[in-house]
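Visitor: please find the sequence and the predicted model below.
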Amino acid sequence: MNDSQGNPIEIGAVVVWRVVDSAKALFDVENYETFVGIQSETAIRALATVYPYDSHKEEGTSLRGSPDEIADKLRQEVQKRLQVAGVEVIETRINHLAYATEIAQAILRRQQAQAVIAARQKIVEGAVGMVDMAIKMLAEQKVINLDEEKKATMVNNLLVALVSEQEVSPVINTGSLYA
């Protein structure tokens with residue numbers, strides 16, 4: 001089946017139930033055990049199409065990221081469908097959730113790319129903080145007086161050194177030929 005974003009997923013659930021009105025269970029539906037199975041599967045499918053497999057926002061509800069909320073919604077949905085058969089749903093929970101095999105590799109690559117982006121973002125944030133601190137310390141301690149152009153050059157060099165994925169070879173400037 002597909003989640004709310006159209007991604008093919010595999011989903012399975014456990015539904016714990018009991019008959020509370022045997023007259024309804026025997027007379028209002030043809031076979032209450034089969035009825036419970038069909039209605040449970042229908043409720044799972046309906047729920048899966050409402051939520052995404054995974055939410056990329058922290059506050060978003062998703063099948064994977066909000067198990068308690070999803071289990072409660074599933075219980076309510078199954079209970080609503082089984083009321084007519086005199087069946088009470090005691091508990092539900094998703095016991096299997098995975099991307100379908102045909103897209104699992106693509107989703108894994110997407111998750112890896114998102115992890116790399118998040119890591120690079122942290123590295124850049126840290127590097128900018130370090131560069132800012134270095135320039136402020138140099139100014140406060142009057143180690144060197146930098147004009148805006150020299151500050152820009154220093155910021156560029158420090159960011160390259162701090163953010164680069166490969167080892168950086170420093171170039172030592174000992175002055176100008178024409179000084």
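Guide: Done, it's in. On a predicted model such as this, the values are computed, not experimentally measured, just so you know. Numbering: from 1, shown residues only.
Visitor: is the closest residue to residue 40 other than its chain neighbours bridged to anything, and to what?
Guide: Excluding the flanking residues, the one nearest residue 40 by C-beta to C-beta, 6 or more residues apart in numbering is residue 15, at 4.6 Å. For glycine as for every other residue, the C-beta is placed from the backbone atoms N, C-alpha and C. For residue 15, the beta-bridge partners are residue 92 (DSSP bridges).
Visitor: just the pLDDT for residue 15.
Guide: For residue 15, the model assigns a pLDDT of 95.
Visitor: again, but for the one 3 residues further on
Guide: pLDDT for residue 18: 95.
Visitor: these two touch, right, it and residue 91?
Guide: No - counting by C-beta atoms under 8 Å, residue 91 is not a contact partner of residue 18; they are 10.7 Å apart.
Visitor: ok, back up a step: how much space separates the residue nearest to residue 40 from residue 62?
Guide: Distance, residue 15 to residue 62, by C-beta to C-beta, to the nearest Å: 21 Å.
Visitor: same check, this time on residue 45
Guide: Residue 45 sits at a distance of 17 Å from residue 62 (criterion: C-beta to C-beta).
Visitor: the two: who's more crowded?
Guide: Neighbour count, other C-beta atoms under 10 Å: between residue 45 and residue 62, residue 62 has more, with 20 against 12.
Visitor: and the longest helix belonging to the chain, what's buried?
Guide: In the chain, with assignment by DSSP state H, the single longest helix is helix 101-140. Of the residues in helix 101-140, 107, 127, 131, 135 count as buried by neighbour count, 16 or more other C-beta atoms under 10 Å.
Visitor: surely residue 82 meets residue 36?
Guide: Yes - counting by C-beta under 8 Å, residue 82 does reach residue 36; the two are 6.2 Å apart.
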